[in-house]
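[1] sharing a model prediction with you, sequence too.
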Amino acid sequence: MHRGTGLLTRHGLAVLAAAAVLTGCGPAEPQDGSPAGASASHAPRAAAATRDSVEADIVAALRKAGIDPAAGGTTPVRGGAKRPDMFDWIGVLKAPEAEPARVAAGAELERLGWRKVSERGGVHRYEKGEWRLLSAAMGAEELPSLQEGTGAPSFTATKLDGDAS
């Protein structure tokens, strides 16, 4: 299987814990007091996004950033069905290319209707309807299983219940 798939297995809990905090399961107000997160709950909702449209947006953003989506690992299909409330992608690139590619993909996500609501360090949080998306790029310092000189950009989108946000 893809080298990136092992990263999902070994580091999935860390990614899920970060996703829980940044997708709204943690504190509602931004820790830095920035206005980006403060007005997020009062913003009008975008048109309903589906799991397939979210996947299409992420794949399009990866391509626009010069990343082959097939070069990374995605949410597994179990029992012949895609998980309806989540899509993620993680890949391994040369370290100098990982962060610029993630930033370029983020610009494309915004063009596709995703709204950036916060930026904390190297993690960017976007919203589109009931969906929340986290974008990050980690290096060998954060993921010791990566080879030196590589980085792992990741995109994790989760659909929240209609009551959340």
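    Yep, it's here.
[2] what bits of this protein have low per-residue confidence?
    Along the chain, segments meeting pLDDT under 70 span 1-47, 162-165.
[3] and the strands in it?
    Per DSSP state E, the chain carries strands over the ranges 73-74, 86-90, 93-94, 115-120, 123-128, 131-139, 150-159.
[4] so which elements touch the last one?
    Spelled out, it's strand 150-159. Using 3 or more C-beta pairs under 8 Å, 6 or more residues apart in numbering; DSSP states H and E, the elements in contact with strand 150-159 are helix 3-20, helix 51-64, strand 86-90, strand 93-94, helix 95-111, strand 131-139. In this view, the C-beta of every residue, glycine as well, is placed from N, C-alpha and C.
[5] flag every buried residue along the fifth one.
    Within helix 95-111, the residues that count as buried by 16 or more other C-beta atoms under 10 Å are A95, E97, A98, E99, A101, R102, A104, A105, G106, E108, L109.
[6] could I get the helices and strands packed on strand 150-159 as a markdown table with distance to E119?
    Below are the helices and strands packed on strand 150-159 laid out as a markdown table (distance: least, C-beta to C-beta, whole Å):
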| stretch | distance to E119 |
| --- | --- |
| helix 3-20 | 14 |
| helix 51-64 | 16 |
| strand 86-90 | 19 |
| strand 93-94 | 21 |
| helix 95-111 | 9 |
| strand 131-139 | 10 |
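[7] of all these, which one is nearest P76?
    helix 3-20 (8.4 Å; C-beta to C-beta).
[8] before we move on, back to that, out of the helices and strands packed on strand 150-159, which is closest to T74?
    The minimum distance between T74 and the helices and strands packed on strand 150-159 falls on strand 86-90, with 5.0 Å, by C-beta to C-beta.
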